[in-house]
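[1] Test case, fold it:
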Amino acid sequence: MNIRGIGHRGYPVKYPENTLSSFQAAIDLGFSHIELDVHLSKDGVPVVMHDYNIDRMTDGSGEIREYTVDQLQEFNVGEFEKIPTLEEVLRLAKGQIHVSIEMKNTKLYDAVEEKVCRIVQKLQMEEEVYVISFDHKSLAKMRVLSSDIKIGPLVTKMKRSHLRLIEKLDAEYIAVKFDGLNEKYINKCEQMGVQVVAWTVNSIEQMQRLKKFPSILITTDELEKYKAYNATYADNLEQVII
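    Just a heads-up that it's a prediction; the model follows:
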């Protein structure tokens, strides 16, 4: 059964986040989407890691932008993993799973939008990815670079002004922190044809609360828990219908 949901940084509960094994686990579990985070190396290559430095996730230290991509891939993530490039992850995902690309700390980097856009276009994955960011000016740059790559603002709480922002950006998504969702604006986004994404939903209680909004695309760290909950919900629903 295909699971409509987003593996947050892959499957971080069981694998090092934002690594190829973590993303492969989400694919193997049948999820429809993965989410990843992008920074630029010293030589301008988009690499996949949540933090702007490598201290938390590797056996090295320092900011990502201080190292070339070759130098970054000399560090270990966990026991066996390396820091993947965006291109490596997209090649893994192509034809198997959709990818949410978050551009992180965009003000630290020169032309990150252009470099991400170029890789998506190179792999012809415009229909398999969408790009999100808290930096809405960065999203506007992405929209100028490509009318085909889908984009969406990241926000902590839905507001009326975000509806205007979506129209201004010609955005197809909006990614909202779980406790910042608003039923009125969810309904409005549905009317506009905009996909609402909720992050990050890990407890059964949160999953149950969002069943009220079946259109929402849910981001989770707890992939197997979410898969089991959805299977149980589907079975219960089938019994009610019968």
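[2] Find the residue at the geometric middle of the protein.
    Glu35 (2.5 Å; Cα atoms, centre = their mean).
[3] Pretty sure that one sits in a helix.
    No: judged by DSSP: H, G, I helix; E, B strand; the rest coil, Glu35 forms no part of a helix; its state is strand.
[4] can you list contacts of stretch 194-204?
    Residues from elsewhere that reach stretch 194-204 (Cβ atoms under 8 Å, 6 or more residues apart in numbering): 6, 8, 35, 100, 132, 152, 166, 171-178, 181, 186, 189-190, 207, 210, 213, 215-222, 225-226, 229. Bear in mind the C-beta positions are built from the backbone N, C-alpha and C, glycine included.
[5] So which of the residues you listed are in strands?
    6, 8, 35, 100, 132, 152, 173-177, 217-220 (DSSP state E).
[6] Counting neighbours, which of those residues end up buried?
    Buried members of the ones in strands among the contacts of stretch 194-204, counted by 16 or more other Cβ atoms under 10 Å: 6, 8, 35, 100, 132, 152, 173-176, 217-220.
[7] The residues you listed into JSON lines, with extra columns for pLDDT and distance to Gln73?
    Shown next, in JSON lines, are those (pLDDT from 0 to 100; distance: Cβ to Cβ, whole Å):
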{"residue": "Ile6", "pLDDT": "98", "distance to Gln73": "26"}
{"residue": "His8", "pLDDT": "98", "distance to Gln73": "23"}
{"residue": "Glu35", "pLDDT": "98", "distance to Gln73": "22"}
{"residue": "Ser100", "pLDDT": "99", "distance to Gln73": "23"}
{"residue": "Ile132", "pLDDT": "98", "distance to Gln73": "25"}
{"residue": "Gly152", "pLDDT": "98", "distance to Gln73": "30"}
{"residue": "Tyr173", "pLDDT": "98", "distance to Gln73": "30"}
{"residue": "Ile174", "pLDDT": "98", "distance to Gln73": "34"}
{"residue": "Ala175", "pLDDT": "98", "distance to Gln73": "29"}
{"residue": "Val176", "pLDDT": "98", "distance to Gln73": "34"}
{"residue": "Leu217", "pLDDT": "98", "distance to Gln73": "31"}
{"residue": "Ile218", "pLDDT": "98", "distance to Gln73": "32"}
{"residue": "Thr219", "pLDDT": "98", "distance to Gln73": "27"}
{"residue": "Thr220", "pLDDT": "98", "distance to Gln73": "28"}
